[in-house]
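Asker: Sequence and predicted model, in that order:
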Amino acid sequence: MSTSAKETYHHGDLRASALASAMRSLEAGEQFSLRGVARDVGVSAPALYRHFTDRDALESALAAEGLRDLLADLTADRDLPASADDLGELAVAYVDFALRRPALFRIMFTNACDEGDEQRVEVVDQIHALLQAAMALVFPSGDADALADAGWAFAHGMACLYIDGKLTADSPDQIADHVRTSFAAIVALH
């Protein structure tokens, strides 16, 4: 492309392309910057700054995308949990997501939630609502909100312990079994 053509080139969906570029870098374990992402998608850095004011804004958008992916994993091919065992499977899906995509998982939960990012807030609310509905169905006399927080904290804690190497296993199946048995042990106290 000639210089004059490049100067007038209009990118189709710059935001989506920039997110895809940053996600590729993130999941490959590479550092990324707004300038590097702009270079990768073939636009000037100022063009990218129209969509993301800074790296934090780009990371918040990545976190929102990751949260949507997590929600999709939690709801894929399953009905709303109807038993404690089904709830355990939600925890397994959560931990599995974290272990498959650890760099994204860290961005999703290490940085403070950007309350100004409506998409991010909305998907967090959707995940919490899923957990509340599941807890209300399985434990109808319990406090669904508190149980949802506790269930999320359990799954998140297990995910972090495995990501950080504090818990180890020889295979994903062993991890899933450990998450199931640990969740069952907690539920047995109820």
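Answerer: Looks like it came in fine. Numbering: from 1, shown residues only.
Asker: any weak-confidence spans in this structure?
Answerer: Counting by pLDDT under 70, the chain contains low-confidence ranges at 1-12, 112-114, 190.
Asker: again, 90 this time
Answerer: The model of the chain has pLDDT under 90 over residues 1-15, 29-34, 44-57, 60, 77-78, 110-121, 188-190.
Asker: Can you report how many residues neighbour residue 32?
Answerer: Other residues near residue 32 come to 20 when the count uses other Cβ atoms under 10 Å. All C-beta spots, glycine's among them, are computed from the backbone N, C-alpha and C.
Asker: Let me know whether it touches residue 22 as I believe.
Answerer: Yes: between residue 32 and residue 22 there is a contact under Cβ atoms under 8 Å: 5.0 Å.
Asker: Isn't residue 103 up against residue 25?
Answerer: No: between residue 103 and residue 25 no contact is recorded; they are 9.3 Å apart, counting by Cβ under 8 Å.
Asker: hang on, the earlier thing: need the overlap of contacts for residue 32 and residue 22.
Answerer: When contacts are counted by Cβ atoms under 8 Å, 6 or more residues apart in numbering, residue 32 and residue 22 are jointly contacted by residue 58.
Asker: which other residues reach stretch 14-23?
Answerer: Identification of contacts with stretch 14-23 by Cβ under 8 Å, 6+ apart yields 11, 32, 37-38, 40-41, 43, 47-48, 50-52, 58, 61-62, 65, 104.
Asker: And it, what's buried?
Answerer: In terms of neighbour count (16 or more other Cβ atoms under 10 Å), stretch 14-23 has its buried residues at 14, 17, 18, 19, 21, 22, 23.
Asker: same thing with stretch 55-74?
Answerer: By neighbour count, and taking 16+ other Cβ under 10 Å as the criterion, the buried residues in stretch 55-74 are 57-71, 73-74.
Asker: Understood, closing this out.
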